[in-house]
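*Asks:* predicted structure and sequence below. I'll ask about it afterward.
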Amino acid sequence: MKKNIAIIMGGYSSEYEISLRSGNVVYNALNTLEVYNSYRIHIFENKWVYVSDASEEFPIDKNDFSVVVNGEKITFDCVFNAIHGSPGEDGYMQAYLELLKIPHTSCGMYQAALTFNKRDCLSVLKPYGIKTAESYYINFGDVVDEDAIIKKVGLPCFVKANRAGSSFGISKVYKKEAFKEALEVAYKEDDEVIIESFLDGIEVSVGVISHQGETKVLPITEIVSENDFFDYKAKYLGQSQEITPARISEADAEKVSALAKKVYQILKMTGFSRSEYIFKDGEPHLLEVNTVPGLTKASILPQQAEAAGISLEELFGNAIEEALK
């Protein structure tokens, strides 16, 4: 008997359009497997709806995450989480689904909340010897001491929204006078800001997944942005090169792969993760951990899976089977 799979997509953040693209790729891939009944579920602040192939919308009953279609009540055996940002990547959907005892493909509620908060995640990992950039924290309403910031992190530096993804709310700052505008950009996404030192080196992205019962590190991707850094345009408008496998030495590849696996295991992750690193003085420094990475064919994690000989259908189907265990 086919299992009913809800593919949740959309979300409450600036990343909702990217999430819809990811969710549709998952939907199309799962449909080719013919072992699941797949349902596209749009999650927005003003509505949770199942969207049929004819673009009809049917409201989700939030009491048990079910939907009634043509008089028939449909419940779900598993939820495939394709929501980037809130509420799919920050723990809210995980907590809701776990309360309802519905299996889902992403990590647990605590892991999602922790990794979505860059400050907290880096703070937890530092005692394990994970190297990171120098950082300085500001909350909305704090007095901004530019001189103290520069003393701590130097120039240039990055001003980032603490809880945001897809390079929303991030600016590269070269001079003291630019902090005010950079903070305004960050505060549009979050009321917490992290300011980090600029690490000048090769940037790589490492995918780690739960695959057939084991933690598997995927081939590494080197990121070469045509812009000043790996911003939204570089990520989604083709203004970057994403080279898989990365053009780094075998020793460096082994080092960053082992580190990404260590981070995954320290945090007790499940499902997908994609972590970013910059090599400085020969050592990989962790930038962030993504628990619901982009899933379109052009996205980094699917590229890495393909390089490992894993098709989209196998990647997504395996995620569901791992969750159902």
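*Replies:* Cool, the structure landed. Only a predicted model underlies this, so the values are computations on that prediction, with no experimental measurement involved.
*Asks:* in stretch 135-146, what counts as buried?
*Replies:* 135-136, 138 (16 or more other CB atoms under 10 Å). Any C-beta I mention is one placed from the backbone N, CA and C, and that applies to glycine too.
*Asks:* give me the below-cutoff pLDDT ranges for the stretch 101-250 of the chain.
*Replies:* Counting by pLDDT under 70, the stretch 101-250 of the chain contains low-confidence ranges at 165-166, 227-239.
*Asks:* those helices in it, which residues are they?
*Replies:* With helices called from DSSP state H, counting those that start in this stretch, the stretch 101-250 of the chain shows them at 109-116, 118-125, 146-153, 179-187, 232-236, 250-266.
*Asks:* need those in a markdown table (columns: distance to residue 5).
*Replies:* Formatted as a markdown table, the helices of the stretch 101-250 of the chain follow (distance: least, CB to CB, whole Å):
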| stretch | distance to residue 5 |
| --- | --- |
| helix 109-116 | 20 |
| helix 118-125 | 29 |
| helix 146-153 | 44 |
| helix 179-187 | 36 |
| helix 232-236 | 26 |
| helix 250-266 | 24 |
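*Asks:* nearest to residue 200 among the ones you listed would be which one?
*Replies:* Minimum separation from residue 200 across the helices of the stretch 101-250 of the chain (CB to CB) falls at helix 146-153, 13.5 Å.
*Asks:* for the residue nearest to residue 153 when sequence neighbours are not counted, give me its contacts.
*Replies:* Nearest residue to residue 153, sequence neighbours excluded (CB to CB, 6 or more residues apart in numbering): residue 197, at 4.2 Å. Taking CB atoms under 8 Å, 6 or more residues apart in numbering, we find residue 197 in contact with 133-135, 153-154, 157.
*Asks:* change it to 6 Å
*Replies:* Counting by CB atoms under 6 Å, 6 or more residues apart in numbering, residue 197 makes contact with 133-134, 153-154, 157.
*Asks:* one step back: of the buried residues of stretch 135-146, which is the nearest to residue 98?
*Replies:* Closest approach to residue 98 among the buried residues of stretch 135-146 (CB to CB): residue 135, at 31.0 Å.
*Asks:* how many residues are close by the closest residue to that closest one other than its chain neighbours?
*Replies:* With CB to CB, 6+ apart as the criterion, residue 135 has its nearest non-adjacent residue at 4.9 Å, and that residue is residue 196. Here the count is done by other CB atoms under 10 Å, and residue 196 has 20 residues near it.
*Asks:* so residue 196 touches residue 133, yeah?
*Replies:* Yes - using CB atoms under 6 Å, residue 196 is in contact with residue 133, at 4.2 Å.
*Asks:* returning to what we had before: relative to residue 215, which of the helices of the stretch 101-250 of the chain is closest?
*Replies:* Checked against CB to CB, the stretch from the helices of the stretch 101-250 of the chain lying closest is helix 250-266, at 6.0 Å.
*Asks:* residues contacting that closest one, please?
*Replies:* 128, 204, 206, 208, 217, 220, 273, 275, 277, 284.
*Asks:* so how many other residues sit close to the second one?
*Replies:* I take that to be residue 204. 26.
*Asks:* one more: the fifth one?
*Replies:* In terms of burial, residue 217 registers 21 neighbours under the definition other CB under 10 Å.
*Asks:* what residues are up against it?
*Replies:* By CB under 6 Å, 6+ apart, the residues touching residue 217 are 208, 257, 260-261.
*Asks:* against residue 297, how distant is the spatially closest residue to it that is not a sequence neighbour?
*Replies:* What sits nearest to residue 217 in space, not counting adjacent residues and going by CB to CB, 6+ apart, is residue 257, at 4.6 Å. Distance of residue 257 to residue 297, computed by CB to CB, to the nearest Å: 24 Å.
*Asks:* give me the more crowded residue out of these two.
*Replies:* Neighbour count, other CB under 10 Å: between residue 257 and residue 297, residue 257 has more, with 18 against 12.
*Asks:* and the pLDDT at the more buried one?
*Replies:* At residue 257, the model reports a pLDDT of 98.
*Asks:* quick one: the strands in the stretch 1-150 of the chain?
*Replies:* With DSSP state E, counting those that start in this stretch, the ranges of strands along the stretch 1-150 of the chain come out as 3-10, 36-44, 47-51, 57-61, 66-69, 72-74, 78-81, 135-139.
*Asks:* next, format those strands as TSV and append distance to residue 322.
*Replies:* Below are the strands of the stretch 1-150 of the chain laid out as TSV (distance: least, CB to CB, whole Å):
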stretch	distance to residue 322
strand 3-10	13
strand 36-44	14
strand 47-51	24
strand 57-61	24
strand 66-69	24
strand 72-74	23
strand 78-81	10
strand 135-139	33
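*Asks:* give me whichever of the ones you listed is most buried.
*Replies:* Of the strands of the stretch 1-150 of the chain, the one with the most neighbours on average (mean count of other CB atoms under 10 Å) is strand 78-81, at a mean of 26.
*Asks:* now for that strand, which elements pack on it?
*Replies:* Here strand 78-81 is seen to pack against strand 3-10, helix 312-324 when contacts are counted using 3 or more CB pairs under 6 Å, 6 or more residues apart in numbering; DSSP states H and E.
*Asks:* which of these sits closest to residue 226?
*Replies:* Closest among these, using CB to CB: helix 312-324, at 26.6 Å.
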